[in-house]
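Undergrad: below: sequence and its predicted model.
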Amino acid sequence: QVQLAESGGGLVQPGGSLRLSCAASGLALEDYAVAWFRQAPGKERKAVSCISREDIEPWYADDVKGRFTISRENANNTVHLQMNSLKAADTAVYFCAADARCWVGARVYDYWGQGIQVTVPS
């Protein structure tokens with residue numbers, strides 16, 4: 001059974017940092033593209049970042065570019081999202097997802113984590 005599990009979320013003050021982790025069981029993340037999405041209350045789920053299987057030029061949404069970094073830790077079958085200079089607008093539930101390639105649309109991804117809350121007070 002495939003499972004993705006996010007960790008590392010929480011409450012952080014504006015300007016602070018968090019590192020989210022997506023740990024997998026039942027599949028090797030290095031064989032998949034892995035994306036991070038976020039969903040704020042009342043809003044649609046939006047892609048934040050994605051790293052391809054080839055690890056070439058990760059993709060970032062414009063509003064996180066330069067602040068967030070996605071990376072793989074294959075030894076632990078994990079993908080991280082380092083989030084710096086956090087703002088109130090980054091408050092959301094963050095999800096990791098895996099598929100054969102990077103997609104901006106959420107509906108395409110085969111595997112999803114349960115999500116984790118990130119809160120940055122205004």
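TA: Nice, I can see it.

Undergrad: what is the burial count for the closest residue to G15 other than its chain neighbours?
TA: Computed as Cβ to Cβ, 6 or more residues apart in numbering, the closest residue to G15 that is not its neighbour in sequence is S85, at 6.0 Å. Where C-beta positions appear, they are placed from N, C-alpha and C, glycine not excepted. S85: 13 surrounding residues under other Cβ atoms under 10 Å.

Undergrad: for S85, what are its contacts?
TA: Applying Cβ atoms under 8 Å, 6 or more residues apart in numbering to S85 gives the contacts G15, S17, R67.

Undergrad: is it correct that it falls within a strand?
TA: No - read with DSSP: H, G, I helix; E, B strand; the rest coil, S85 is coil and lies in no strand.

Undergrad: distance check, A23 against A75.
TA: 12 Å (Cβ to Cβ, to the nearest Å).

Undergrad: ugh, typo on my part, it should be G66
TA: Taken as Cβ to Cβ, the span from G66 to A75 is 28 Å.

Undergrad: who's more crowded, the two?
TA: G66 (10 against 7).

Undergrad: could you find the closest non-adjacent residue to A89?
TA: Per Cβ to Cβ, 6+ apart, closest to A89 is D63, 7.2 Å.

Undergrad: how about C96?
TA: C22 (3.4 Å).
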